[in-house]
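Engineer: Sequence unavailable; structure follows:
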């Protein structure tokens, strides 16, 4: 089947671009002498995780137990759940998974460690732990250094757990307004976990892995001496935000939403059949000229300027494509991970031909 | 099963509140002497559409052919597709549906009418048309008055179509910053379609229905003399945006995401296990104090201040709930329709007991 035979809106991935992205990041990690543990929240598809593993990834990263289950069921044996797992039902599921795969969990509280330890005890299994450091995103994670050492000392008293590493994620780098600011955030990402590892080792606590995240930062943070692992996710597809963050070019963006112009109610306005149910409502604001909900592939800067659930509104100026009713365009989403979560199926395309139709098996796994 | 037995995050609807919302809007329409044709994009569940019909709705509104198929398959016989349907595949599906249900389509271009007419001819069916007027949202729709008359004259030459009405949707009312501004938008919503109907009738074109939309506006626009039909959607659940628009109170908000506190990395920050994959990333900004991604039910103004896909970040100040790790809260989403589209199942709750488990059958129907 040709792309031209597909109805719209439809989610497409350009396979040659995706394969190049997978290869480039694997090369980078090999060259830097560090492990690559891609975050699969970007694609949510076991077949793509296997492509990443084949190209050299050492395991995968997930956020939720449901994502771990999908990946373990697809035969993936080394899974980092980079999220505090709280509550009996999820811990029971995770303990069962720990028989099937090697499970590491990122925590930032004694309470999370205590619950994991009890689940490990109930089921006679074992969990590796990453202690999460906040390197400036202000989400999960303890401040670098002593707060993590204090938590580690408490955790050491618990059974069924082994402190395997420290981790952080400088997700705020995507909002940096200059390459200098971005690289500063990335350096601090790496240094904050290496510093924390040093304080842990000084306290006699051996640390195996020092793990950093984020497509926008790993090329700098992955080179900080002492870092042993990177966990980028978006790089497999890239997206409009990554281009404005300078992490890739438009030619590296593999994921698009194929869309049709359905209305031209005024000379300066075109309505596309892809809205927030296709692209997500993740808004991106850089400059006035670079603010919107997605980028028309191959245009010279044409953005989806407003969104509602089923409408993408393009405010047209001179130099934009004509966008007559019935015309089809591809939209590069702002945020690939958020867009993927809205779709049941991803179409893999090579030379205009649909080569793969992948169900997004880990879509909507919020538990 | 009790709500306390459910894992989190989970999507809940308070059944008594929802039933009251359904009843109140039906009463309003009866009292105003107009038809109620609820937009089912809010709930996407045939069972709830049937509750609305039982309480007096005359039919339903949908945005996409896929939503119309789900509703027609559930036995609903009168469906307005309030969206321009462009392209062979969707028109073929729509023509088949037209044998099963009475289908009305909203259009704002001759091209859309032409494609519908051809599909009607191929299949020997008939479509009713609403001509869409732009009453200020600046999305689809022609300016009120003469541009619509011009389109109507062209459409009259086509076979298989009947111009049944005019419609508009003043969705921008949700962003109004005062009740006065909102009611002004609502009055204009009603007046712009009544004015357009008058121009059409003056040109000898009979118009049966004059239809307006939006939970935030119908109490005013539905009372404009000449309006015959309202198409609110959100009212069945309401949401945080509707409370700030003055369309309802917190006690009218029936939809919540049950969520657990999973991290307390600093005294002023709590992390909930519900992020943009549960709530949508629809941001709402009213005042500094009323900006965020969702409202903690029963709190005194505590909002989810930041979101990522799996994290809801609550910035705590004095007077907020304690939010210790493991504590559960219910979050009222900003935008019910966008939140529903992320979930496979909705749990109906009465007195703490789960009474219904509805699959969200029209979720993700973007085509």
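Structural biologist: In hand now; what should we look at? Please read all numbers here as calculations on a predicted model, not as lab measurements.

Engineer: Which residues belonging to the biggest strand by length in chain A are considered buried?
Structural biologist: Longest strand in chain A, counting residues (DSSP state E): strand A:255-266. In terms of neighbour count (16 or more other Cβ atoms under 10 Å in any protein chain shown), strand A:255-266 has its buried residues at A:255, A:256, A:257, A:258, A:259, A:260, A:261, A:262, A:263, A:264, A:265. Placement of C-beta: from N, CA and C, glycine included.

Engineer: which residues in the stretch 1-150 of chain A form strands?
Structural biologist: A:10-14, A:35-36, A:60-62, A:78-81, A:102-107, A:127-132 (DSSP state E, counting those that start in this stretch).

Engineer: what's the burial count for residue A:12?
Structural biologist: Residue A:12 has 20 neighbours, counted by other Cβ atoms under 10 Å in any protein chain shown.

Engineer: and it, bridged to which residues?
Structural biologist: residue A:256, residue A:347 (DSSP bridges).

Engineer: Which pLDDT value goes with it?
Structural biologist: pLDDT for residue A:12: 98.

Engineer: cool, residue A:33 as well?
Structural biologist: What the model reports for residue A:33 is a pLDDT of 98.

Engineer: Ok, the one 10 residues further on next?
Structural biologist: Looking at residue A:43, its pLDDT is 98.

Engineer: How about residue A:20?
Structural biologist: If you check residue A:20, the pLDDT there is 98.

Engineer: moving C-terminal of the longest strand of chain A, what's the next helix or strand?
Structural biologist: strand A:269-272 (DSSP states H and E).

Engineer: Tell me which of the strands of the stretch 1-150 of chain A sits most buried.
Structural biologist: Highest mean neighbour count among the strands of the stretch 1-150 of chain A (mean count of other Cβ atoms under 10 Å in any protein chain shown): strand A:60-62, with a mean of 29.

Engineer: Just list what that strand packs against, helices and strands only.
Structural biologist: helix A:46-54, helix A:65-73, strand A:78-81 (3 or more Cβ pairs under 8 Å, 6 or more residues apart in numbering or on different chains; DSSP states H and E).

Engineer: Now tabulate those in JSON lines and tack on mean pLDDT and distance to chain B.
Structural biologist: Putting the helices and strands packed on strand A:60-62 into JSON lines (pLDDT from 0 to 100; distance: least, Cβ to the nearest Cβ, whole Å) gives the following:
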{"stretch": "helix A:46-54", "mean pLDDT": "98", "distance to chain B": "17"}
{"stretch": "helix A:65-73", "mean pLDDT": "98", "distance to chain B": "9"}
{"stretch": "strand A:78-81", "mean pLDDT": "98", "distance to chain B": "11"}
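
Engineer: which one of these lies closest to residue B:230?
Structural biologist: Nearest of these to residue B:230, taken as Cβ to Cβ: helix A:65-73 at 39.8 Å.

Engineer: Relative to the whole chain's centre, how far out is that closest one?
Structural biologist: Helix A:65-73 sits 16 Å away from the centroid of its parent chain (Cα atoms, centre = their mean, to the nearest Å).

Engineer: State the distance from residue A:145 to residue A:133.
Structural biologist: 9 Å (Cβ to Cβ, to the nearest Å).

Engineer: now residue A:122
Structural biologist: Going from residue A:122 to residue A:133 by Cβ to Cβ gives 29 Å.

Engineer: ok, those two, which is more surrounded?
Structural biologist: The residue with more neighbours, out of residue A:122 and residue A:133, is residue A:133; 30 against 13, by other Cβ under 10 Å.

Engineer: Tell me who's in contact with the more buried one.
Structural biologist: The contact partners of residue A:133, by Cβ atoms under 8 Å, 6 or more residues apart in numbering or on different chains, come to A:141, A:142, A:143, A:144, A:148, A:166, A:167, A:168, A:192, A:193, A:196.

Engineer: now do 10 Å
Structural biologist: Contact analysis of residue A:133 by Cβ atoms under 10 Å, 6 or more residues apart in numbering or on different chains lists A:106, A:108, A:140-145, A:147-148, A:166-169, A:189, A:192-193, A:195-197, A:210-212, B:265.

Engineer: Near the spatially closest residue to it that is not a sequence neighbour, how many residues? Count them for me, please.
Structural biologist: Nearest non-adjacent residue to residue A:133, counting by Cβ to Cβ, 6 or more residues apart in numbering or on different chains: residue A:168, 4.3 Å away. When neighbours are defined as other Cβ under 10 Å, residue A:168 has 31 of them.

Engineer: Quick check: pLDDT value at residue A:168.
Structural biologist: 98.

Engineer: and it, what is it in contact with?
Structural biologist: With Cβ under 10 Å, 6+ apart, residue A:168 has these contacts: A:106, A:130-137, A:140-141, A:144, A:188-190, A:192-193, A:196, A:210-214, A:217, A:221, A:231.

Engineer: Write the ChimeraX selection for whichever of these are buried.
Structural biologist: In ChimeraX, this line selects whichever of the contacts of residue A:168 come out buried by 16+ other Cβ under 10 Å:
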select /A:106,130,131,132,133,134,135,136,137,140,141,144,188,189,190,192,193,196,210,211,212,213,214,217,221,231
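
Engineer: and the contacts of residue A:168, which of them are in helices?
Structural biologist: Counting by DSSP state H, the contacts of residue A:168 place A:188, A:189, A:190, A:192, A:193, A:196, A:221 in helices.

Engineer: What strand or helix carries the closest residue to residue A:190 other than its chain neighbours?
Structural biologist: Distance criterion Cβ to Cβ, 6+ apart; nearest residue to residue A:190, sequence neighbours excluded, is residue A:224 at 2.8 Å. Under DSSP H and E, no helix or strand contains residue A:224.

Engineer: Could you count how many residues lie near residue A:224?
Structural biologist: Applying other Cβ under 10 Å, we find 20 residues neighbouring residue A:224.

Engineer: Would you mind confirming that it is in contact with residue A:170?
Structural biologist: No: when contacts are counted by Cβ atoms under 10 Å, residue A:224 is not listed as touching residue A:170 (11.5 Å).

Engineer: can stretch A:257-274 be found next to chain B?
Structural biologist: Yes: residues of stretch A:257-274 contacting chain B under Cβ under 10 Å from any Cβ of the partner chain: A:257, A:259-266, A:269, A:271, A:273-274.

Engineer: How far away from the center of its chain is that stretch?
Structural biologist: With Cα atoms, centre = their mean, you get 30 Å for stretch A:257-274.

Engineer: Just the mean pLDDT for that stretch, thanks.
Structural biologist: 97.

Engineer: what's the span of it from first residue to last?
Structural biologist: End-to-end distance of stretch A:257-274: 8 Å, with Cα to Cα, to the nearest Å as the criterion.

Engineer: now do stretch A:149-166
Structural biologist: Stretch A:149-166 has an end-to-end distance of 11 Å (Cα to Cα).

Engineer: could you check the distance from residue A:114 over to residue A:363?
Structural biologist: Taking Cβ to Cβ as the measure, residue A:114 falls 32 Å from residue A:363.
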